[in-house]
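# need a 3D model of the sequence below.
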Amino acid sequence: MMALEKVGGWLDERAGSEAVGHLLSAKVVPKHRYSILYYLGGMALFLLVVQLGTGLLLLLYYEPGVSTAYESVKRISGEIPFGWLIRSIHRWSADIFIGVLALHMFTAFFMKAYRRPRELTWLTGVTAFGLALGFGFSVYLLPWDEIAFFATSVGTAVAGAVPVVGQPMLQLLRGGEDVTGATLARFFALHVVVLPFAALVVVGLHLLLVQKHGMSVPPGVAESGRPRPFVPDFLLRDLVGWTLALALLAALAALLPAELGSKANPFASAPAEIKPEWYFYAPFQQLKWIPSHVGPFEGEAVGAIAFMVLGLLFALVPFLDRRAARGERSPRFTVAGIAVFVYLVVLTCYVWLH
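Numbers count the residues shown, from 1 in each chain. Sure, this is the predicted structure:
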């Protein structure tokens, strides 16, 4: 006990650990009928940590390059001890992470957690979701297998269809006109350097803002008791959820390990019915339904711009929803959010089943 007190005193003198402990002990969580939704944020944070940890382990053996990427992933999956497990957990935690983050974002929307003074908290959260999608898009090419190659070709082509900025964006992503080794190098740098750094900054700022403003209570919802302390009550429940999530990831990795297709051949024909990752199903299907030309504009450009505008409106909702800013209910925004959520879910399920 004396040794622990000495260690605690040493840390407090040099790092101010007592101030951090006081900050955590002072944090409380509102208690009402929607309180369970607060756990989504902690779950997303846990899955992000799993992503970073497993990603660092994979980075020890992955070799970017047209002649080495596929072989290194194959070696990780078949030769490196527990390499298949780490790769599978990385893959499954990415899928679940984006799903949990999307639910967290929509529940925050319906709970009006974006209203004053939490506008910056909302903006950092939406930015974090955009970075998560960037992680998902940039990692797709890294195994350099057949499906990843052609899916990346299609995805970057959609970005190139955007008016004015499309072609420069296409050149920036591909490093040229076609998907080549330069594209692989850029996606690798984006996935392991640019996006992780941006994510740490954005998520860190988001957590600081949550700590400053606390957790929002929806307008018109009565609290059902005294707020619970974050430490230890809420944190212990978070730990239970994280343990269950880790067990689920291990089970999925064991029963449904990450697959690796044939090595990419740029001169081969694209496989039939190529699909992106599930979190891109909705825009993928929307682009398929749009005609090749809408008036004087290309259909891909119209679809890409429509989703960009939708994302921008979603990000700016704290400044558009004036009633919520005054602490009032805003049923029109709630109905609009439900419509968008249902639309995205229906499109995702449609592509999943076809």
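# need the next SSE after the worst-scoring helix or strand of the chain on mean pLDDT, C-terminal direction.
Lowest by mean pLDDT, DSSP states H and E among the helices and strands of the chain is helix 17-26, with a mean of 59. Using DSSP states H and E, the helix or strand that follows helix 17-26 in sequence is strand 28-29.
# quick check: which helices or strands does that following strand pack against?
If you count contacts as 3 or more C-beta pairs under 8 Å, 6 or more residues apart in numbering; DSSP states H and E, strand 28-29 packs onto strand 228-229. The way it works is simple: take the backbone N, C-alpha and C, and place the C-beta from them, glycine included.
# which residues sit against the helix or strand just after the strand it packs on?
Where DSSP H and E defines the elements, the next helix or strand beyond strand 228-229 is helix 235-255. By C-beta atoms under 8 Å, 6 or more residues apart in numbering, the surrounding residues in contact with helix 235-255 are 39, 42-43, 46-47, 50, 84-85, 88-89, 92-93, 96.
# swap in stretch 263-283?
If you take C-beta under 8 Å, 6+ apart as the criterion, stretch 263-283 is touched by 70, 95, 98-99, 102, 133, 136-137, 140, 144-151, 153-155, 178-180, 284, 303-304, 307, 343-344, 347-348, 350-352.
# any weak-confidence spans in the stretch 151-300 of the chain?
The model of the stretch 151-300 of the chain has no residue with pLDDT under 70.
# quick revisit: hmm, which of the contacts of helix 235-255 are the buried ones?
The neighbour-count test (16 or more other C-beta atoms under 10 Å) marks 39, 42-43, 46-47, 50, 84-85, 88-89, 92-93, 96 as buried among the contacts of helix 235-255.
# pLDDT, distance to residue 171 and secondary structure for those residues - can I get that in JSON lines?
Listed next are the buried ones among the contacts of helix 235-255 as JSON lines, based on pLDDT from 0 to 100; distance: C-beta to C-beta, whole Å; DSSP: H, G, I helix; E, B strand; the rest coil:
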{"residue": "39", "pLDDT": "95", "distance to residue 171": "43", "secondary structure": "helix"}
{"residue": "42", "pLDDT": "95", "distance to residue 171": "40", "secondary structure": "helix"}
{"residue": "43", "pLDDT": "97", "distance to residue 171": "38", "secondary structure": "helix"}
{"residue": "46", "pLDDT": "97", "distance to residue 171": "38", "secondary structure": "helix"}
{"residue": "47", "pLDDT": "97", "distance to residue 171": "33", "secondary structure": "helix"}
{"residue": "50", "pLDDT": "97", "distance to residue 171": "34", "secondary structure": "helix"}
{"residue": "84", "pLDDT": "96", "distance to residue 171": "36", "secondary structure": "helix"}
{"residue": "85", "pLDDT": "96", "distance to residue 171": "38", "secondary structure": "helix"}
{"residue": "88", "pLDDT": "97", "distance to residue 171": "35", "secondary structure": "helix"}
{"residue": "89", "pLDDT": "97", "distance to residue 171": "35", "secondary structure": "helix"}
{"residue": "92", "pLDDT": "97", "distance to residue 171": "34", "secondary structure": "helix"}
{"residue": "93", "pLDDT": "97", "distance to residue 171": "32", "secondary structure": "helix"}
{"residue": "96", "pLDDT": "97", "distance to residue 171": "34", "secondary structure": "helix"}
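# can you tell me which two in those are farthest apart?
Checked with C-beta to C-beta, the buried ones among the contacts of helix 235-255 reach their widest spread between 39 and 84, with 30.3 Å between them.
# which residues touch the spatially most central residue of the chain?
Centroid-nearest residue in the chain, with C-alpha atoms, centre = their mean: residue 132, separated by 2.8 Å. Counting by C-beta under 8 Å, 6+ apart, residue 132 touches 97-98, 101, 199.
# mind listing the strands for the stretch 201-350 of the chain?
In the stretch 201-350 of the chain, the strands defined using DSSP state E, counting those that start in this stretch lie at 228-229, 293-294, 297-298.
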